[in-house]
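Visitor: Just the structure for this:
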Amino acid sequence: MKSKPIERRYLWSPASLAPQGKLEMWLEILSPPQALAQRPKILKPPTALDCELRIVLWSIRELKVKGKHKVIDRGDGLASVFVTMQAGQSRLQESDVDPAVASDAGFNWRYLFDVSLPTRHTKLAVQVWDTRAVGANDALAECTLQLADLYKNVRRAPSRVHEVSRQWYTCTSPLYPGQQAKIDMSIYMMPRAVAELAENLAGVGRGAPNQNPVLPPPTRGGVLAIPVLRKLRRGGVGVLSRATSGGSGVAGGTAGGAAGGTAGGAAGGAAGGAAGGAGGGADGAVDEAGTRPRPGSLLGMFRRKQKGGANPKAGAKASAAKGKAAEYPAVGAGASAGRAPAGAGGGDPNLGRLGGVQSQQERI
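Guide: Residues are numbered from 1 along each chain as shown. Below is the predicted model of the structure:
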C-alpha cells in the first residue's frame, strides 16, 4: 500500500482566537471500483507506554490545625497528621503519621504510582488529614497538581528520568478560607524500563532500596510528643504508681500469708502478710522520677522498721500463735507436717495453710 499524504489541521473555537488543538489525518476520495480494489488500512491504537511516577513528600509548613475540630481545641492544640496522594485513577496511597503537629510536620516519604501513557487522567490529588482513633479522619488541607506537561515530556523523550524540581505547593480547603498549608515535594517520572535499572530503583516510603534520593527518618517531637503520653507525664504516672503499689501490696500480702501459713499457721500468715504488704506497697511509694521515697511513704516506714529491728506487734502475734499451737496439738502437728519439704516423706504441703485456717476458726 502506498504511503498516504499526512495533513495537519488546526482546531478552532468561536469563543477564542487561538487554536484549540491540532488534528493529524489523511484524506482519500475513492470511486466504488477503487475502493473494492484495495484493502483498507488497519489502524491500531497507540502503544501504551508504561511509566513510574515518583512523588517525594519532604515536609509541611504553616499547617493550620486550630479551630478545625473540638478534640484539637479542647486538647493541647496538636494534630496527628498524615498525607494521602492519588495519581489519576490509581490506588490511593498514605504516608506514615506525624503524631504531634502544631504547624510543621516532617515526613521524608516516597510514593510510587504506575501510569500508562497516553492517559486522560493527568491530575495528582494531595490531601492532608488529621487521624482519629474513633470516627472519621478530618481533612485539614488539599491541593491538586496538573501533570499533563510532564506526561507529554516523558512521551517525547522516553529514555531518561524526567524531574520536576523540589518546590513548595500551596494547599487550601473548601471549608476554610485562605491558605491552609504549604507542602514540600519533588516529582520524578520515567518509563518502566528505565525505572527498573539497578541505579534507578527506589522503594516505597523509606523502604529498601532507599535511594534516588535517600530519605532519612524525619526529625519529629519524640515519644513524649504523643498527646496521651504527655497527659500521663503530667499527671497520670502518679496515679499509675499508686495503682501499682496497691496491686503489689495485695500480691505481697498473699505471698506472705501463704509462706506464713506453711511456717506456722495463722500468726505466721498475719506477720508474713504484714511484711509482704509493706514490701509490696513500697514499690509504688517512689516519686514520679523513680529515685527516692516520698516523706511519710510506706517505703520510708519499712526501711525505718528494718533499721530499728523487728516489729513488736508481729512478735506479739507470733507468741500468741505459739500458745495456741500448744493448746491444740493437732494444729501444731499439721503445721509441723506442713514444714516438711516436698518429696522428703513429710505430710501434705497444704496442711500448713489448713492449720492456719482451723486455728482462726477455733479462736473465733
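
Visitor: tell me which element the closest residue to V161 other than its chain neighbours is part of?
Guide: In space, and not counting its chain neighbours, V161 is closest to M190: 4.5 Å by Cβ to Cβ, 6 or more residues apart in numbering. In short, each C-beta sits where N, CA and C put it, glycine included. Here M190 sits within strand 181-191, counting by DSSP states H and E.

Visitor: Show me what that strand is packed up against.
Guide: strand 49-61, strand 123-130, strand 138-146, helix 148-156, strand 162-171 (3 or more Cβ pairs under 8 Å, 6 or more residues apart in numbering; DSSP states H and E).

Visitor: picking up where we left off before, which residues sit in contact with the residue nearest to V161?
Guide: 51-52, 154, 160-162, 200 (Cβ atoms under 8 Å, 6 or more residues apart in numbering).

Visitor: Please enumerate residues in contact with stretch 197-211?
Guide: 54, 93, 95-96, 108-112, 161, 190, 194-195, 212, 215-217.

Visitor: Those in helices, which ones?
Guide: 194-195 (DSSP state H).

Visitor: Return the members of the contacts of stretch 197-211 classed as buried.
Guide: Those of the contacts of stretch 197-211 that meet the buried threshold are 54, 93, 95, 108-112, 161, 190, 194-195, 212, 215, by 16 or more other Cβ atoms under 10 Å.

Visitor: Let me have those residues in TSV, adding distance to M25 and pLDDT as columns.
Guide: Converted to TSV, the buried ones among the contacts of stretch 197-211 look like this (distance: Cβ to Cβ, whole Å; pLDDT from 0 to 100):
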residue	distance to M25	pLDDT
R54	36	98
Q93	40	97
S95	46	97
N108	49	97
W109	46	98
R110	42	98
Y111	39	98
L112	38	97
V161	34	96
M190	32	96
V194	32	95
A195	34	95
N212	41	94
L215	48	97
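
Visitor: Quick check: the farthest pair among the residues you listed?
Guide: Greatest spatial distance in the buried ones among the contacts of stretch 197-211: S95 and V194, 25.2 Å, computed using Cβ to Cβ.

Visitor: What strand or helix carries L36?
Guide: helix 32-37.

Visitor: quick one on the thing from earlier: now the buried ones among the contacts of stretch 197-211 in JSON lines, with distance to D184?
Guide: Converted to JSON lines, these look like this (distance: Cβ to Cβ, whole Å):
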{"residue": "R54", "distance to D184": "15"}
{"residue": "Q93", "distance to D184": "18"}
{"residue": "S95", "distance to D184": "13"}
{"residue": "N108", "distance to D184": "10"}
{"residue": "W109", "distance to D184": "11"}
{"residue": "R110", "distance to D184": "13"}
{"residue": "Y111", "distance to D184": "14"}
{"residue": "L112", "distance to D184": "18"}
{"residue": "V161", "distance to D184": "20"}
{"residue": "M190", "distance to D184": "21"}
{"residue": "V194", "distance to D184": "25"}
{"residue": "A195", "distance to D184": "23"}
{"residue": "N212", "distance to D184": "18"}
{"residue": "L215", "distance to D184": "13"}
